[in-house]
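Student: Pasting a predicted model and its sequence here:
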Amino acid sequence: MLKKTTLFFMGMFLAVFVGIVLYVNANRPRILILHSYSDDYVWTKEINVGLQRILDSESWMDIRYHEMKTKKHSGKDYLRRSAVAANKAIETIRPNVLIAVDDYAQKLVAKHFVNSADIDIVFAGINGSIKPYGYDTATNVTGILERKPASALKEVISLLSSAANAQTPVAFQGTPRVLFLADSSHSTERDADYLKTFNWSPIDYLGVKAVATFPQWQEAVLALKGHTDFLLVGGYRKLHTTSDPQSPFVKAREVMRWTEQNSPIPVIGMNIFNSEEGAMLSVGVSPYEQGEVAATMALDIIRNKIDPSAIPVRTSSQYVISIRQSALDRRKIVVPDIFEAFARATDNYFE
């Protein structure tokens, strides 16, 4: 009898314990991080580093990731299927906060949850306006904008073009001219819209030249000499091999390596991964800041019960420098030691 009673209470204890565990797990606050791209893209991978710096210690929350992989695939049918899969993930996970990263995550998914009573939205990586997504008037949305570090780029160009920099053979009697060369993607169009509003003085910013194919890109690069003094590059992942819009995209590394080897003028990247792919020097928005700020906002919403509308939207303020030393050496350009130290400290120095 005693043995049966003991087994009964042990069974009851186990059942209650399992029930409590299941209840706690079912009611843990949930965050879904929805990426437009995938983590084999350096930008996405390093945003994850920023997110994890904040969230890895928060074991009391259920944190999930979903990748839409729209950098590799952008056809209408794929985008439709990707949106369906992302919405299915939201339906299954039922997140309290949706961290939506980059524009496709907003355009295809997150904007449909504006003013939802069940899901709050934190955005990151938007390099254009938030109005098309309805975020400007939403009550359940906040986030961090991505803006190219134009001030830092201007300082770097001024430094490289200064006659006082005796070791650098890039010196001008007049005003240095700068051209932005880009693919025809929506993202680079938004970057161009922002850059044209920036006060570049005393630098002469010549605007953007957008092309659709790699042959057009090559032609534009080879024609630069005498027309501009520095080339800004950022997005070139959507350059088709031919004029056929169904032709495949040229690999980004191939584009950048060819550009660095053939450009008659110095090439400056506007994303930190541009130097990993070949550019001599890059100054890009910090992906770590994008992740850290978005994660902190999500925590404020969940842990501190702050309404998203009470959390001001922020604009990126930090940047990262990356260097391709062999490209600098080939052009006989010497940059300040602090540039190299910064690049090495963030693992963005390449031989």
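Tutor: Everything's here; your move.

Student: Give the buried residues for stretch 137-145.
Tutor: If you call a residue buried by 16 or more other C-beta atoms under 10 Å, then stretch 137-145 has these buried ones: A138, N140, V141, T142, G143, I144, L145. Glycine gets a C-beta too; all of them are placed from N, C-alpha and C.

Student: what about I272, neighbour count?
Tutor: 25 (other C-beta atoms under 10 Å).

Student: That one contacts P287, correct?
Tutor: Yes. Under the criterion of C-beta atoms under 8 Å, I272 lies in contact with P287, with a separation of 7.5 Å.

Student: CA atoms only for stretch 61-73 - export them in CSV, please.
Tutor: Extracted in CSV, the C-alpha atoms of stretch 61-73 (Å, rounded to 0.1, in the frame of the first residue of the first chain):
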residue,chain,number,x,y,z
MET,A,61,12.8,34.1,-24.0
ASP,A,62,12.1,32.0,-27.1
ILE,A,63,14.1,33.4,-29.9
ARG,A,64,13.7,32.1,-33.5
TYR,A,65,15.1,33.0,-36.9
HIS,A,66,13.6,32.8,-40.4
GLU,A,67,15.4,33.7,-43.6
MET,A,68,13.7,34.7,-46.8
LYS,A,69,16.8,34.5,-49.0
THR,A,70,15.7,37.2,-51.3
LYS,A,71,19.3,38.3,-52.2
LYS,A,72,19.7,35.1,-54.2
HIS,A,73,16.2,34.8,-55.6
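
Student: which residues sit against it?
Tutor: Applying C-beta atoms under 8 Å, 6 or more residues apart in numbering, the external contacts of stretch 61-73 come out as 25, 28-39, 41, 44, 48, 55, 78-79, 82-83, 85-86, 89, 93, 95, 104-105, 108-109, 237, 302.

Student: quick one: buried residues of it?
Tutor: So stretch 61-73, judged by 16+ other C-beta under 10 Å, has buried residues M61, D62, I63, H66, E67, M68, K69, T70, K71.

Student: Among the residues you listed, which has the minimum pLDDT value?
Tutor: Of all the buried residues of stretch 61-73, K71 carries the smallest pLDDT score, 84.

Student: any idea how far D103 lies from H186?
Tutor: Here D103 is placed at a distance of 7 Å from H186 (C-beta to C-beta, to the nearest Å).

Student: Neighbour count: the two, which is higher?
Tutor: Per other C-beta under 10 Å, whichever of D103 and H186 has more neighbours is D103, with 21 against 14.

Student: For the more buried one, give me its contacts.
Tutor: When contacts are counted by C-beta under 8 Å, 6+ apart, D103 is found next to S36, G125, I126, N127, G128, H186, S187, R190.

Student: if we can go back for a sec, let's see which of the contacts of stretch 61-73 end up in strands.
Tutor: Assigned to strands by DSSP state E, the following of the contacts of stretch 61-73 qualify: R30, I31, L32, I33, L34, H35.

Student: mean confidence score for the strand or helix carrying L153?
Tutor: When elements are assigned from DSSP states H and E, L153 belongs to helix 150-161. Taken as a whole, helix 150-161 carries a mean pLDDT of 94.

Student: Restrict that helix to CA atoms and write it as CSV.
Tutor: Once side chains and other backbone atoms are set aside, the C-alpha atoms of helix 150-161 remain, and they are given as CSV (Å, rounded to 0.1, in the frame of the first residue of the first chain):
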residue,chain,number,x,y,z
ALA,A,150,28.1,59.9,-46.0
SER,A,151,29.9,62.1,-43.5
ALA,A,152,32.6,59.4,-42.9
LEU,A,153,32.9,58.8,-46.7
LYS,A,154,33.4,62.5,-47.3
GLU,A,155,36.1,62.6,-44.6
VAL,A,156,37.9,59.6,-46.2
ILE,A,157,37.7,61.1,-49.7
SER,A,158,39.0,64.4,-48.4
LEU,A,159,41.9,62.7,-46.7
LEU,A,160,42.9,60.7,-49.8
SER,A,161,42.6,63.7,-52.1
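
Student: Tell me which other helices or strands it touches.
Tutor: If you count contacts as 3 or more C-beta pairs under 8 Å, 6 or more residues apart in numbering; DSSP states H and E, helix 150-161 packs onto strand 230-233, strand 267-269, strand 281-285.

Student: Show the residue spans covered by the strands in this protein.
Tutor: The residue ranges that make up the strands of the chain, judged by DSSP E, are 30-35, 62-67, 97-101, 120-126, 141-145, 177-183, 204-211, 230-233, 267-269, 281-285, 314-315, 319-324, 349-350.

Student: which one of the ones you listed lies closest to A295?
Tutor: strand 97-101 (7.3 Å; C-beta to C-beta).

Student: can you list contacts of that closest one?
Tutor: Judged by C-beta under 8 Å, 6+ apart, the contacts made with strand 97-101 from elsewhere in the structure are 29-36, 44, 47, 51, 90, 106, 109-110, 113, 119-125, 143, 290, 294-295, 298, 301-302.

Student: one step back: now, which of the ones in strands among the contacts of stretch 61-73 sits nearest D337?
Tutor: Distances from D337 to the ones in strands among the contacts of stretch 61-73, taken as C-beta to C-beta, are shortest for H35 (35.6 Å).

Student: ok, what's across the strand from the closest one?
Tutor: Following DSSP bridges, H35 is listed with bridge partners E67, V101.
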